[in-house]
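J.: Following is a predicted model, sequence given first.
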Amino acid sequence: MGQILSRPLISSVLAMTLGLGTGCSHWIELAVPTDAAPPASAMVDTDARVPLLLETIRVTHNGSSIAPPAVLERQVLGAIEATRLFSQHYQSGSTQPAADQARVTVRLSIDNLVEPHAGQAAWRSLVLGASMFALAPFISLNYDYGAEMSLEMERWDGQIKRYTATSKGSAHYHLFGASPDVIEQLKGEVTEACLSSLLNQVIQDSTFYLTSNEQSHGNPIRTVSVGVRRPSSHALPIARPITDASPQ
Amino acid sequence: MAALSSPIHAADPTPQITVGTQEVGLTAGYMLSLHFKRNHTTEQEGVAFMPSWMMTLSDPLGDSWYRGQVSLGAELVYIQFQEPILTHGFGFTPKIKYTFAALDRIRPYAEFAGGPFWTDLAGKIPEESSRFNFVLTAGFGVSYFLTDRVALNVGYRFHHISNGGTNHPNIGLNASLPFGGFSFFF
């Protein structure tokens, strides 16, 4: 008798556990850019590096201009800093490099494309509610996010190089797995991937941003490895503060 | 060495309700009978408590006055019928809500909920014969955000209880339900 009762009980518990587990799930898909170049790296003379000034960041959100979030500015500067291609890093409005000092001026444009599939979410909500949440494990909701970045880098002598990169991804989640953290993680991963692609192109032109210092007699040449620090597979949420990673 | 500054971020007073933001609501109201049919004679009245949970499932839709967000959740309903006889009712209703987000701290919303409802008022009045019923509510309200995470809500619901034809008679009970409460967003 006990066995007869326990089978449906175990099946029910398993079904509920599976349903709840699936209903709470979420995952992120990051599209690999078709124009992704292999990671570049180089050894450069430490003394040939110049300061960098991040002059402007222009951000649009589905075509509408928005004020760049402070965390985004820090993320961009942090990513540039991590390449070790420049000796110092300045932000417009903060301390500036000396007027007569060679520098590279950076202007960044970021166009964010957000597709929250709000209409789809509304209809699927109706279906989920009508099913008393029984369909929650089977109906997923979607959020797409893309970034197009254009980087303009002006050398101290007025020469300009431009770089572009795109990246996009999607977050998929079930009703009970929805969380602002999922969306922030998606935005963080897409932004990191786009920045990495952009800076990888800059590293390929690394000699363009170096001064040709003559080595003083008796001093050994000090070099530093420059390259894009690849984000981990678990990319950080965009709101994470950037720690100081100044080149030594 | 690097000239990075760390800007001080002031607390943003604007409610930041995004996809995945959850809302826990505590709502209470008083039910007053509405008569649309001649054979609905019972003057049912009573207090109602409706704790709820909602999940925001969309960023704001639209760009005009109707700009708003969809959220889905569930609500427990407890009604203590004080008239005509002291009885009780319990229900569980999935609930969908559209919140107008064009205004800043004042956010009107429309909501719809429906689900099973049990009451021992049935059998003691001519309108309802079975204890197992369904409750359907449709209403509107306004949330005023006291902080970016706490809102005060007031509103009105039309409230209908019937057994969906599972037993006869099934005249049903209609009521007005003005309510007030708080929501906590996290």
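T.: Great, that's in hand.

J.: can you give me the helices for chain A?
T.: For chain A, the helices defined by DSSP state H cover A:2-23, A:70-83, A:118-130, A:180-204.

J.: Pull out the buried residues from the last one.
T.: Of the residues in helix A:180-204, those with enough neighbours to count as buried (16 or more other Cβ atoms under 10 Å in any protein chain shown) are A:180, A:182-203. Where you see a C-beta, it was placed from the backbone N, CA and C, and this is true even at glycine.

J.: try the second one
T.: By neighbour count with 16+ other Cβ under 10 Å, helix A:70-83 contains the buried residues A:71-83.

J.: near chain B at all, stretch A:66-78?
T.: Yes. Stretch A:66-78 is in contact with chain B by Cβ under 8 Å from any Cβ of the partner chain, via A:70, A:74, A:77.

J.: re earlier: as TSV, the buried residues of helix A:70-83 with pLDDT would be great.
T.: TSV is the format used below for these (pLDDT from 0 to 100):
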residue	pLDDT
A:71	82
A:72	85
A:73	85
A:74	85
A:75	86
A:76	88
A:77	88
A:78	89
A:79	89
A:80	89
A:81	89
A:82	88
A:83	87
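
J.: Out of those residues, which is nearest to residue B:79?
T.: residue A:71 (47.4 Å; Cβ to Cβ).

J.: ok, that closest one to residue A:78 distance?
T.: To residue A:78, residue A:71 is 10 Å away according to Cβ to Cβ, to the nearest Å.

J.: the longest strand in chain B is where?
T.: Secondary structure of chain B per DSSP state E: the longest strand is strand B:68-83.

J.: got the CA positions of stretch A:138-151 in CSV?
T.: Extracted C-alpha coordinates of stretch A:138-151, given in CSV (Å, rounded to 0.1, in the frame of the first residue of the first chain):
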residue,chain,number,x,y,z
PHE,A,138,7.6,26.0,-21.0
ILE,A,139,7.2,29.7,-21.9
SER,A,140,10.3,31.8,-22.0
LEU,A,141,10.6,35.6,-22.3
ASN,A,142,13.3,37.4,-24.3
TYR,A,143,15.3,40.5,-24.1
ASP,A,144,17.8,41.6,-26.8
TYR,A,145,20.6,44.0,-26.4
GLY,A,146,23.1,45.3,-28.9
ALA,A,147,25.9,47.8,-29.0
GLU,A,148,27.6,49.6,-31.9
MET,A,149,30.7,51.5,-30.9
SER,A,150,32.7,53.9,-32.9
LEU,A,151,36.1,55.0,-31.6
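
J.: The residue positioned nearest the centre of chain B sits in which helix or strand?
T.: Geometric centre of chain B, nearest residue: residue B:111, 6.3 Å, by Cα atoms, centre = their mean. Using DSSP states H and E, the element containing residue B:111 is strand B:106-119.

J.: Could you see whether chain A lies near that strand?
T.: Yes. Applying Cβ under 8 Å from any Cβ, one finds strand B:106-119 touching chain A at residue B:115.

J.: list the helices and strands that strand packs on?
T.: strand B:68-83, strand B:87-100, strand B:132-145, strand B:150-162 (3 or more Cβ pairs under 8 Å, 6 or more residues apart in numbering or on different chains; DSSP states H and E).

J.: what do you get if the cut-off is 10 Å, keeping everything else the same?
T.: Where contact means 3 or more Cβ pairs under 10 Å, 6 or more residues apart in numbering or on different chains; DSSP states H and E, strand B:106-119 is packed against helix A:118-130, strand B:52-56, strand B:68-83, strand B:87-100, strand B:132-145, strand B:150-162.

J.: Any chance of JSON lines for those, columns mean pLDDT and distance to residue A:158?
T.: Formatted as JSON lines, these follow (pLDDT from 0 to 100; distance: least, Cβ to Cβ, whole Å):
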{"stretch": "helix A:118-130", "mean pLDDT": "86", "distance to residue A:158": "46"}
{"stretch": "strand B:52-56", "mean pLDDT": "92", "distance to residue A:158": "50"}
{"stretch": "strand B:68-83", "mean pLDDT": "90", "distance to residue A:158": "49"}
{"stretch": "strand B:87-100", "mean pLDDT": "92", "distance to residue A:158": "52"}
{"stretch": "strand B:132-145", "mean pLDDT": "94", "distance to residue A:158": "51"}
{"stretch": "strand B:150-162", "mean pLDDT": "94", "distance to residue A:158": "55"}
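
J.: Great, nothing more from me.
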